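# this is a predicted model, with the sequence first.
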Amino acid sequence: MKKIVFIGAGSMAEAMIGGWVKKECVQANKIYVTNRSDYTRLMYLKDTYGVQVLEKLADIEDADLLILAVKPKDAVAAMQSIAPYIGDHTAILSVLAGISIKTIEKGLYARPIARVMPNTSATIGMSASGIAFNTRVSAQQKKLYLQMLSAIGLVVEVEEDKLHAVTALSGSGPAYIYYLIEAFEKVGTEIGLPKEVVRQLMIQTLAGSASMLQSIDEEPNALRRKVTSPGGTTEAGIRALEAHHFNETISACIKSAEQRSRELAKGV
Ligand SMILES: NC(=O)C1=CN([C@@H]2O[C@H](COP(=O)(O)OP(=O)(O)OC[C@H]3O[C@@H](n4cnc5c(N)ncnc54)[C@H](OP(=O)(O)O)[C@@H]3O)[C@@H](O)[C@H]2O)C=CC1
Ligand SMILES: O=C(O)[C@@H]1CCC=N1
């Protein structure tokens, strides 16, 4: 691909650009960025990653790929602004939460459209992404998208409707983990450790546990039992989690996010 244009230049666009440029998966000078009004932001992306700033919207005409990366509430306006200039051969990759392929086809006409739900860990090549395609995406294009997404992490192909679940779990997931670390830091300082020490300990604990799950063929439940001595500290901790409705809390979190993704699809 000779020209890839990001429509929207926020956190997710930067995470994908950062990941691709670092991995040398896409050459920076083939990537163009545009947004609604924040020119300083475009210059920052140019200076940091070596991407190009799209001079005017008409310049999307010869783009091979447009990546839609605005907030869902701005999707219709963004599509209206690019529709007059979009070339017949241009394909679409959307990272918009909730917004369906049907809505994009309505806004940008019949063409190859892929919807991907990555996460911000794309920055370091550690995204966990789900992807779905419309029927116009060729086998060759699919292969290319899967390669591009693999360069910034794990990618799984799912039915489009399941992207709501992917969004709730791994799209939003990094925020839950950061929130968890914030909670560990808060309580860790209450029980006497400096915040930086709590952070170091808990980042390593998270990374270690994730690596154990990746490298050892055992269920989370079995690994948990190996930590839990009868009458010990872990058992006391898990009991407190159960008493405070841990499972219900996580279930409410994921179901609320999934529901919100469905609402975004309806423009709510
Ligand atoms: N952040 C995340 O972790 C993830 C986000 N996503 C999805 O990615 C999308 C972008 O999210 P995120 O990067 O966080 O959002 P940001 O708010 O960080 O960025 C949004 C960008 O869209 C631009 N924009 C708004 N309206 C228009 C328009 N009409 N034409 C062109 N550009 C426009 C904004 O420009 P300006 O600043 O000039 O207004 C800004 O650059 C969302 O749809 C979200 O659902 C998906 C997975 C994870
Ligand atoms: O919060 C959001 O809507 C987006 C989608 C997934 C992560 N951030």
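Ah, there it is. Ligands and ions are numbered 1, 2, ... in the order given.

# and Y178, how close does it get to ligand 2?
12 Å (CB to the nearest ligand atom, to the nearest Å). Where you see a C-beta, it was placed from the backbone N, CA and C, and this is true even at glycine.

# what helices and strands are in contact with the helix or strand hosting that residue?
Taking DSSP states H and E as the definition, one finds Y178 inside helix 173-190. Counting contacts by 3 or more CB pairs under 8 Å, 6 or more residues apart in numbering; DSSP states H and E, helix 173-190 packs against helix 195-215.

# surely I86 is in a strand?
No - the assignment for I86 by DSSP: H, G, I helix; E, B strand; the rest coil gives coil, which leaves it out of any strand.

# and it, how far from ligand 1?
For I86 relative to ligand 1 (CB to the nearest ligand atom), the value is 13 Å.

# what's the distance between the residue in the stretch 1-150 of the chain that ligand 1 sits nearest to and V76?
Residue nearest to ligand 1 within the stretch 1-150 of the chain: G10 (1.9 Å; CB to the nearest ligand atom). To V76, G10 is 17 Å away according to CB to CB, to the nearest Å.

# could you do A122 as well?
A122 is 25 Å from V76, by CB to CB.

# between these two, point out the one with more neighbours.
A122 (25 against 15; other CB atoms under 10 Å).

# tell me the SS of the more buried one?
helix.

# list the contacts of it.
M12, A15, M16, G18, G19, S129, I152, G153 (CB atoms under 8 Å, 6 or more residues apart in numbering).

# what does the chain put close to ligand 1?
7-13, 34-38, 41, 69-72, 74, 77-78, 81, 95-97, 117-120, 171 (CB under 6 Å from any ligand atom).

# mind running it again at 5 Å?
8-12, 35-38, 69-70, 72, 74, 77-78, 95-97, 120, 171 (CB under 5 Å from any ligand atom).

# and ligand 2, which of these contact it?
Within those, those near ligand 2 by CB under 5 Å from any ligand atom are A97, G171.

# run a quick neighbour tally on the residue of the stretch 1-150 of the chain closest to ligand 1.
The burial count for G10: 14, using other CB under 10 Å.
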